[in-house]
Each structure stands twice: as structure tokens, then as C-alpha cells.
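K.L.:
For reference, the sequence and a predicted model appear below.
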Amino acid sequence: MNGAVVLLARLLPALLGMLGLAAWEALVRVYAIPPYVLPGPLLIAETLRQEAPDLLAALAATLQVALAALATATVVGLLLSVLLVQSRLLERSVYPWLVTLQVTPVVSIAPLILIWADDVFAALLICATVVAFFPIVANTVHGLRSVDPGLAELFRLYGASRWRTLVHLQLPTALPAFLGGVRIAGGLSLVGAVVAEFVAGTGGTRSGLAGRILEAGYRLQIPRMFAALLLLALAGIVLHAALGLVTRALLRHRPVAGER
Amino acid sequence: MSPLLRLDSVAKAYGPGAAALGPIDLTLEAGEFVAVLGPSGCGKSTLLRLIAGLVPPSSGRIDRRGIAAGDEQDIGFVFQDPTLLPWASVVDNVFLPLRLRGMERRAAMPRIREALARVGLDGASQRYPHQLSGGMRMRASIARALVTGPRLLLLDEPFAALDEITRFRLNDDLLALWRRERLTVLFVTHSVFEAVFLATRVLVMSAPPGRIAAELDPGLPQPRSGNLRADPAFAAACGRASAALARAMRP
């Protein structure tokens, strides 16, 4: 009985999704909505199947930018955070500029970056990194500062060097917050990559999914647009889930909230 | 023989007019078990932190030559909370003081095992702090303090948060450990019974700013065991300590 309930609870989101898709398909058929306004899910699935090679290649290009941006943001974010907590003065002088960079919409600086960078990939990478790295820095700086005062005293008692305190106390303390930041950055890196691709337009040889979406929009190939969107959403979900797995693996020995 | 530790009119004030402690004169001989008994806020913890060098004294002199080992000092400190690394196993927590001194884990392993055995935690070495009971966490904390083989062990109300049954057992074990290993212990507590049961010398502190108002010898035989708690001589010693504490509290 209990097992059945758990199973049902697991299946519920999928069930709801199926129901929604069925209603969507029915709506499109009953009202004979033309596909260039709203294609039905079956047509989208068929389009996705037909255009899979082209769309998957585009997805690969986008993912390449997103993953490279996530990696860059993670490394830069971590190093920057460690640097910032070394001195209050440094943090106070640099942090406002990071916030400024964060609140400036990337769409508005992307054209500039595209002009400055020689290479389109580099430009896309910079844009996506700028979007993704702030939550990592914000979370990690907070984490590095949240050291248990008792443990800090213990490290002082044993004359721990600054480096050993960082490695054995501050970094492990900050790990959950850092990983939380990386998970947020994962989604943002994909958003950043797509936004940058939109600004870069359809031109160039390295055209990602955003290029396909734009192109399909111009040509009123709405089913294709939806197929590209679907792929993008799926990629985002997979990325999020993968980062979730990494997080859980790295934190497997930590106490769960509510447990002592 | 020169004393292990000597405090000459040591005082601590956190800011002008905010005297927390002292002035205090104190001499600690090797092998002593000294209990510092006092009310909350009398500066007992500050006294331990001064001795450990975690806070500098505002005035006076602390002679640590008896516990100096090269550039480092040979002090084990057990805090009020177990203060274990939550992400590290018991073994790694006990390894920490040695790791911070640059020792390799493999080389440290015999000493870690020994420290764990001394507090009766050998069976739980791979567990994580959140999987341990409060008493076991405190045992891990004591093992960590012992792993460096300190010449002086400082304990800051270590069992205050534990239930009485666990506290009695840990008191018994600490006493046995002190006797077996010939440790020198400075034990801060606000429990008269604990102080009298454990110590060879009880220092009674006054209301803040804390000073040593009285010093008494419980006059109880060694070796002591849990049976002592039912002994009339123990009750009488506790009575004397309580009276001394009450006198010390009067302004």
C-alpha cells in the first residue's frame, strides 16, 4: 500500500505532463490551429525526429559553450572567492564591481564583447561565463566566511598556517554553499550561452541552437522552433540533474538537515 | 623541579573598565589534576584561553616553559562543545592536530589508534560525528586532544551538556586515564561534585572579575572510583567546597 503510494507520487509529474500534452494535441486538432501558430506535440516530435542530426549538432555547439562557461565560471569563481576572503579591504573594493557586472544585462554587453573578441566562440564563452559566475562567488564567499568559531579556535591552538586553515577548514566548510552556487551557475551558463548566441545571430559557422530558433522563427518553421526549444529544456534538465548527482556524491557524509 | 606552568598576576580585560579576570597567581605541577570551580561568567574559560595562548593577557606574565616543545606548545584543549569537523570521520578528526603539524596520515595512524583506544572509541573510528551520541563525540574530542601527547590537558566544562549518567561514566574514564597516563589536567567546571570527585586540588573562583578566592584539597584517597560518590567523605568534601563557593560569591 505504502509502496504503491510512493510509486504514484513519483509518477505524478510524468502523468500530469502526459495529460497536458494530450490536452494540447486535442486543442490543436479540435480548433484546427495551423502549425505556424501552434504545432501539436506529435508534429513537434516528428519534426524533432526528422531534423535530429541538424538540431543535435546545434545543441552540441551550444552545450560546448555552456559547459566551457560553467567550467571557467567554477574555476574563476572559486579562485576569486578565496582571494576575496583574504582581506576585508579587498572584498569591499572588488565586490561592488562584481555586483555591477552581475546586474548589467548580458544582452547589452554581448555586442561589445562580440566586437572585442576575435573569435566567436571566445565571445560566447565570455558572455556565458559573465552570466554564470556570480552565484558561485556570492555563495562561496559566504561559505568561506561561515567557519565555526570553535573550529577556528582549534586551528589557532594548533598553530595552523593560513594555507592549512584554508584547505582543511575554510574550503570544506564552504563546499555545500559552493556546490549550490555551481548548480545555479549550471542553468545560468546555458541561459548565457543561448542569449549570447541570439546576439551573435545566425551568422558564422558555429551556429548553436539559438541560431536555429532564430532561423526557424524567420521562416515561420514553428514546429522546428519548438523542437529546438524542447532540446534546450531537456539539456537544461539533464545538466541540473547531473550537477545534483555530483553534489550528492561530494556531500554524502554530511549530516542531513534535521539530523544531528 | 620547576613547575609545568606559572601565572604571575595575570589579568584580562576586554576593553577599559571591563575586567574579566584576575589578577591571578597560579602554579601547576606535573601530575596534578586541578579543578577550577566557579559560577558562570567568572572568567573560567578566559583563564584556559590565556593559558593556551588563544588570547593575550592584559597584564601579568605566563611562564609556559614547562610545556614548550620547540616552537610549539604541548597543550591539549577540550572545548565545551566537541567542535569536531562534521565532514570528517572520527579517525580524521583525531588526525587533525597531527595533520596541521604536517604529519602524514600513514605515519600518524598508530598514534591515532592509540588515542582512540585510550578513550574507548576504537570501534567507531570510521563513523562521522553526526552518527555519534553526545558522549561519544566528547570522547572523540578528548582523543583529539590526547593524540599529540600533550604535557598539559585543558578541559573547559567538557561534560556540561551531557546527561548525568554519561557524565559520570566520562568522569570515571577521565580519572582512570589521568592516573594511568600521569597526565596533568586543568579542568574547568561549575559543578561542585565534578570538581571534588576529579581533582587533587580545587580552585574556587569569585564572582566576576574572577579571582582565586579559595583553594582546597578534597582530601579523598587515590585511586578513586565511582563508588566514592556514595562515600560520606565525598559528601563532606562537597559540603566544604560548596561553602567555599558560597563565600566566594559574596561581594
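P.N.:
Good, I have the coordinates.
K.L.:
which residue sits closest to whatever residue of the stretch 101-250 of chain A ends up closest to chain B in space, ignoring its chain neighbours?
P.N.:
At 3.8 Å from chain B, residue A:150 is the closest residue in the stretch 101-250 of chain A, using C-beta to the nearest C-beta. Placement of C-beta: from N, CA and C, glycine included. Leaving out its chain neighbours, the residue that sits closest to residue A:150 by C-beta to C-beta, 6 or more residues apart in numbering or on different chains is residue B:83, at 3.8 Å.
K.L.:
Do I have it right that the one you found meets residue A:152?
P.N.:
No: counting by C-beta atoms under 8 Å, residue B:83 does not reach residue A:152; the two are 9.5 Å apart.
K.L.:
Look at the two and report which has more neighbours.
P.N.:
Taking neighbours as other C-beta atoms under 10 Å in any protein chain shown, residue B:83 and residue A:152 compare with residue B:83 leading, 21 against 16.
K.L.:
Now for that one: which residues touch it?
P.N.:
Residue B:83 is in contact with A:148, A:150, A:151, A:153, A:154, B:141, counting by C-beta atoms under 8 Å, 6 or more residues apart in numbering or on different chains.
K.L.:
on that earlier part again, the residue nearest to residue A:150: what secondary structure?
P.N.:
Under DSSP: H, G, I helix; E, B strand; the rest coil, residue B:83 falls in the coil class.
K.L.:
who are the neighbours in contact with residue A:173?
P.N.:
A:143, A:144, A:146, A:147, A:148.
K.L.:
The same query, at a cut-off of 10 Å, please.
P.N.:
Residues in contact with residue A:173 (C-beta atoms under 10 Å, 6 or more residues apart in numbering or on different chains) are A:143, A:144, A:145, A:146, A:147, A:148, A:151, A:152, B:85, B:86, B:87.
K.L.:
The last one is in what secondary structure piece?
P.N.:
Using DSSP states H and E, residue B:87 sits within no helix or strand.
K.L.:
try residue A:173
P.N.:
Using DSSP H and E, the element containing residue A:173 is helix A:171-200.
K.L.:
how about that helix: buried residues?
P.N.:
Buried residues in helix A:171-200, counted by 16 or more other C-beta atoms under 10 Å in any protein chain shown: A:171-200.
K.L.:
Quick one: mean pLDDT over stretch A:182-201.
P.N.:
The pLDDT scores in stretch A:182-201 average 89.
K.L.:
so does that stretch get close to chain B?
P.N.:
No: residues of stretch A:182-201 are not located near chain B by C-beta under 10 Å from any C-beta of the partner chain, the shortest gap being 17.3 Å.
K.L.:
What residues does chain A have near chain B?
P.N.:
By the rule C-beta under 10 Å from any C-beta, the part of chain A lying against chain B is A:148-161, A:164-165, A:167-169, A:172-173, A:175-176, A:250-251, A:253-256, A:259-260.
K.L.:
The contacts of residue A:173 into TSV, with extra columns for pLDDT?
P.N.:
Output for these, formatted as TSV (pLDDT from 0 to 100):
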residue	pLDDT
A:143	93
A:144	93
A:145	92
A:146	91
A:147	92
A:148	92
A:151	93
A:152	92
B:85	93
B:86	91
B:87	91
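K.L.:
from the residues you listed, which is closest to residue A:234?
P.N.:
Nearest to residue A:234 among the contacts of residue A:173: residue A:143, at 30.9 Å, using C-beta to C-beta.
K.L.:
Count the residues that sit near that closest one.
P.N.:
23.
K.L.:
That one and residue A:178 touch, don't they?
P.N.:
Yes: Residue A:143 is within contact range of residue A:178, at 5.7 Å (criterion: C-beta atoms under 10 Å).
K.L.:
okay, and the common contacts of these two?
P.N.:
Shared contacts of residue A:143 and residue A:178, defined by C-beta under 10 Å, 6+ apart, comprise A:81, A:171.
K.L.:
Helices of the chain, residue ranges please.
P.N.:
I'll assume chain A. Using DSSP state H, the helices found in chain A span residues A:2-30, A:41-50, A:52-84, A:88-103, A:106-116, A:120-145, A:149-157, A:162-165, A:171-200, A:209-218, A:222-250.
K.L.:
other chain: chain B
P.N.:
Counting by DSSP H, one finds helices in chain B at the ranges B:44-52, B:90-100, B:105-118, B:134-146, B:164-181, B:192-198, B:232-249.
K.L.:
So which other helices or strands are in contact with the second one?
P.N.:
It stands for helix B:90-100. If you count contacts as 3 or more C-beta pairs under 10 Å, 6 or more residues apart in numbering or on different chains; DSSP states H and E, helix B:90-100 packs onto helix A:149-157, helix A:162-165, helix B:105-118, helix B:134-146.
K.L.:
Quick check: whichever residue of the stretch 101-250 of chain B sits closest to chain A vs residue B:221, distance?
P.N.:
Distance from chain A to each residue of the stretch 101-250 of chain B (C-beta to the nearest C-beta) is smallest for residue B:130, at 3.5 Å. Using C-beta to C-beta, to the nearest Å, residue B:130 is found at 41 Å from residue B:221.
K.L.:
between those two, who's got more neighbours?
P.N.:
Ranked by neighbour count (other C-beta under 10 Å), residue B:130 and residue B:221 place residue B:130 first, with 15 against 9.
K.L.:
Let me know the pLDDT of residue A:212.
P.N.:
Value listed for residue A:212 in the pLDDT field: 86.
K.L.:
neighbours of it, just the number please.
P.N.:
Count around residue A:212 with other C-beta under 10 Å applied: 28.
K.L.:
just the buried members of the residues of chain A next to chain B?
P.N.:
Buried subset of the residues of chain A next to chain B (neighbour count, 16+ other C-beta under 10 Å): A:151-155, A:157-158, A:160, A:164-165, A:168-169, A:172-173, A:175-176, A:254.
K.L.:
Identify the residue nearest residue 157 in space, chain neighbours excluded?
P.N.:
I'll assume chain A. Closest to residue A:157 by C-beta to C-beta, 6+ apart is residue B:77, at 5.4 Å.
K.L.:
To clarify, I was referring to chain B.
P.N.:
Closest to residue B:157 by C-beta to C-beta, 6+ apart is residue B:80, at 5.0 Å.
K.L.:
do residue B:128 as well
P.N.:
residue A:253 (5.3 Å).
K.L.:
tell me which helix or strand of chain B sits lowest on mean pLDDT?
P.N.:
The helix or strand of chain B with the poorest confidence is strand B:72-73; it has a mean of 66 (mean pLDDT, DSSP states H and E).
K.L.:
Please look at the residue of the stretch 101-250 of chain B closest to chain A and residue B:82 and confirm they touch.
P.N.:
No: the pair residue B:130 and residue B:82 fails to qualify as a contact (C-beta under 10 Å) at a distance of 11.2 Å.
K.L.:
Give me the pLDDT value at the residue nearest to the residue of the stretch 101-250 of chain B closest to chain A when sequence neighbours are not counted.
P.N.:
Nearest residue to residue B:130 in three dimensions, chain neighbours excluded: residue A:255, at 3.5 Å (C-beta to C-beta, 6+ apart). With respect to pLDDT, residue A:255 scores 75.
K.L.:
how about residue A:255, what does it touch?
P.N.:
Applying C-beta under 10 Å, 6+ apart, we find residue A:255 in contact with B:86, B:87, B:128, B:129, B:130, B:131.
K.L.:
which residues does the residue nearest the centre of chain B form a beta bridge with?
P.N.:
Closest residue to the average C-alpha location of chain B: residue B:155 at 2.0 Å, with C-alpha atoms, centre = their mean. When assigned by DSSP bridges, residue B:155 has beta-bridge partners residue B:78, residue B:187.
K.L.:
Return the residues in contact with it.
P.N.:
So residue B:155 contacts B:35-36, B:48, B:76-80, B:138, B:141-142, B:145, B:174, B:185-189, B:198 (C-beta under 10 Å, 6+ apart).
K.L.:
any idea how far it lies from residue B:75?
P.N.:
Distance of residue B:155 to residue B:75, given as C-beta to C-beta: 11 Å.
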